[in-house]
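Build the 3D model from these lines:
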Amino acid sequence: MDFFTAAPENDEIGKRIDVYIAEYKEELSRSQVQKLIENGLVTVNGKATKNNYKLRKGDILEIEIPDPEPLEIEPENIPLDIIYEDKDVVIVNKPQDMVVHPAPGHYTGTLVNALMFHCKDDLSGINGTMRPGIVHRIDKDTSGVLMVAKSDAAHKSLAQQLAVHSITRKYYAVVCGNVKEENGTVDKPIARHPKDRKKMAIVEGGRRAVTHYKVLERFGKYTLVEAQLETGRTHQIRVHMASLGHPLLGDTVYGFEKQPYKLLGQALHAKVLGFMHPTTEEYVEFESDLPEYYEKLLVKLRNSH
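You can find the predicted model right below:
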């Protein structure tokens, strides 16, 4: 089962719930969404709903998507860089080149395989056998801090915080070109690319996406920026910075096909993560160190400038 929580933005108020969910989860067709609603797997403010329900301000949606086929995911003794852990959450510093959860082509070596070995049965079951404990994810080639839920109650609390954009998420990104403004905000809607379904794009009528950025260091041809997510769309920072003419260094999908410095992927690191703790209800914040490859890259950029 895949579980997620959603809260409509102001410009989505009044939209039919089946239309909204089909746009929110691009992999679902509208007819699939309607079946979920009819089977009672979609609730609005804790209550079952109908396909023709129109969204209202303040609505909190909870959606469950059953697993298509149960797969046996095996625990694996893979070392984890754990920043913090208690009975509710695990905060992990994910390395670059690690997939977060199993998917076709990646059933072993994922963060989930490692977490299942480390936590045994102490992981939220809300997202089913494929994604136990996974509340949010970062790309395979993005490193950095990630939160994992150990209980269903913690999972629901964190998922709701994500839905209302109250979680602090700051990333370090090396982008191509000299970003002239000291800081700025990109507020451009993102949806699945109309022609290439593996990519995201700026699409009119897509879901609202907001990224705040500020310059940390300039290297002439490249710039180190801190990007803070207000929303959390797929590939958001990569798409938004590329839309400004500053694609991420190492990003061959949204940037240049030929890349210097022989990077494994985009130079993007999830640096800071902050949220209200599910049990104590106090704000907590965690920071992860830049990985070795990233530190070496910055040294090279400083020396070449």
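
Going by C-alpha atoms from here, please, whenever you check contacts or count neighbours.
Fine.

For V210, give its distance to I37.
29 Å (CA to CA, to the nearest Å).

quick one: contacts for the closest residue in space to E26 that isn't next to it in sequence?
Computed as CA to CA, 6 or more residues apart in numbering, the closest residue to E26 that is not its neighbour in sequence is R192, at 7.0 Å. The neighbours of R192, taking CA atoms under 8 Å, 6 or more residues apart in numbering as the test, are 26, 198-201, 203.

Restricted to buried residues, select those residues in ChimeraX.
Buried members of these can be picked out in ChimeraX with the line below, counting by 16 or more other CA atoms under 10 Å:
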select :200,201
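
Now the two most distant members of the contacts of R192.
Within those, K198 and V203 form the most distant pair, 14.6 Å apart (CA to CA).

re the thing from before, between the contacts of R192, which is nearest D2?
The closest of the contacts of R192, once distances to D2 are taken by CA to CA, is E26, at 14.0 Å.

rewinding a little: just the contacts of R192: which are in strands?
200-201 (DSSP state E).

possible to save the contacts of R192 as JSON lines with pLDDT and distance to D122?
Formatted as JSON lines, the contacts of R192 follow (pLDDT from 0 to 100; distance: CA to CA, whole Å):
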{"residue": "E26", "pLDDT": "75", "distance to D122": "30"}
{"residue": "K198", "pLDDT": "82", "distance to D122": "33"}
{"residue": "K199", "pLDDT": "92", "distance to D122": "34"}
{"residue": "M200", "pLDDT": "94", "distance to D122": "34"}
{"residue": "A201", "pLDDT": "95", "distance to D122": "37"}
{"residue": "V203", "pLDDT": "92", "distance to D122": "40"}
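
Throw the contacts of R192 into JSON lines and include distance to Y222, thanks.
What follows is those, written out as JSON lines (distance: CA to CA, whole Å):
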{"residue": "E26", "distance to Y222": "33"}
{"residue": "K198", "distance to Y222": "27"}
{"residue": "K199", "distance to Y222": "24"}
{"residue": "M200", "distance to Y222": "23"}
{"residue": "A201", "distance to Y222": "23"}
{"residue": "V203", "distance to Y222": "27"}
